[in-house]
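A.B. asks: I'll drop the sequence and a predicted model, then ask my questions.
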Amino acid sequence: MFSKRCCEYSIPKNENIFKSVNQGSKNTYCIYSLFALIIISLAWLVEEVKTKNDALRFTPPHVEHLHMSSAIRMSGAEFQDEEFRTSKLHLLYNMDKACEITSNLDVVFAFQFERSNRSLRDHIFMICTNHRIFGNSVITHRAEGNILCTEEYGGVLKEKTRSSNVTMKAIDVNTFKHIEYSSSSAVESCIMQHSLDMLDQKW
């Protein structure tokens, strides 16, 4: 019905000049309406493409991840940027979801997520047992006692002698606040030390 109305053009008749003027106004309205519809459609298409480009894809542990460069620590200027913070909260949501659907994972890394076929390089990891997410982490204290940690990633198995308890300073990506976090068990201590070695390419 809309397209039919917009195609109804008529030649003005001398005996009814007012009718032709009204018809011209009607046609002008149709043209403006079609123009507005095209603009709205283009805006929707751009937003749809942007959404697809912003979508994150999770990749399970793979041996190729072991050959990546070291993760990049986030700068103070980036944390002041609202768009940057929003993107990290989006990452947090996806990491949380990955922990939920993949029951055999102890930890999830930012580099396991791809956007436009490129892995994220943020220095971020999430412990799946408690869903705590940390950025820019650095170990500040190691207990004197050692433990033997059996660690695996992408089918590669290693045994590492590590501290039985560690404390690290980090940024809680959920709140963007600086925190200090200590391992709650020997297992979590292994996970934390393994995670930082993975991010720093020292594993």
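C.D. replies: Noted; the coordinates are in hand. This one's a predicted model, so the numbers in the text were calculated from it and none came from an experiment.

A.B. asks: Show me the shaky parts of this protein.
C.D. replies: Flagging of the chain using pLDDT under 70 yields the residue ranges 1-54.

A.B. asks: Okay, the residue sitting nearest the centre point of it and Ser183: tell me how far apart.
C.D. replies: The chain has Leu91 as the residue nearest its centroid, 3.2 Å off, counting by CA atoms, centre = their mean. Distance from Leu91 to Ser183, counting by CB to CB, to the nearest Å: 23 Å. Yep, even glycine has a C-beta here, placed from its N, CA and C like the rest.

A.B. asks: so what's the residue nearest to the centre of the chain up against?
C.D. replies: Leu56, Ala110, Phe113, Leu120, Asp122, Ile124, Val173 (CB atoms under 8 Å, 6 or more residues apart in numbering).

A.B. asks: would you list those in a markdown table and tack on secondary structure, neighbour count and distance to Thr102?
C.D. replies: Conversion of those to a markdown table gives the following (DSSP: H, G, I helix; E, B strand; the rest coil; neighbours: other CB atoms under 10 Å; distance: CB to CB, whole Å):
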| residue | secondary structure | neighbour count | distance to Thr102 |
| --- | --- | --- | --- |
| Leu56 | coil | 19 | 15 |
| Ala110 | helix | 25 | 15 |
| Phe113 | strand | 21 | 13 |
| Leu120 | coil | 19 | 17 |
| Asp122 | strand | 22 | 20 |
| Ile124 | strand | 28 | 17 |
| Val173 | coil | 25 | 19 |
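
A.B. asks: I am finished for the moment; much appreciated.
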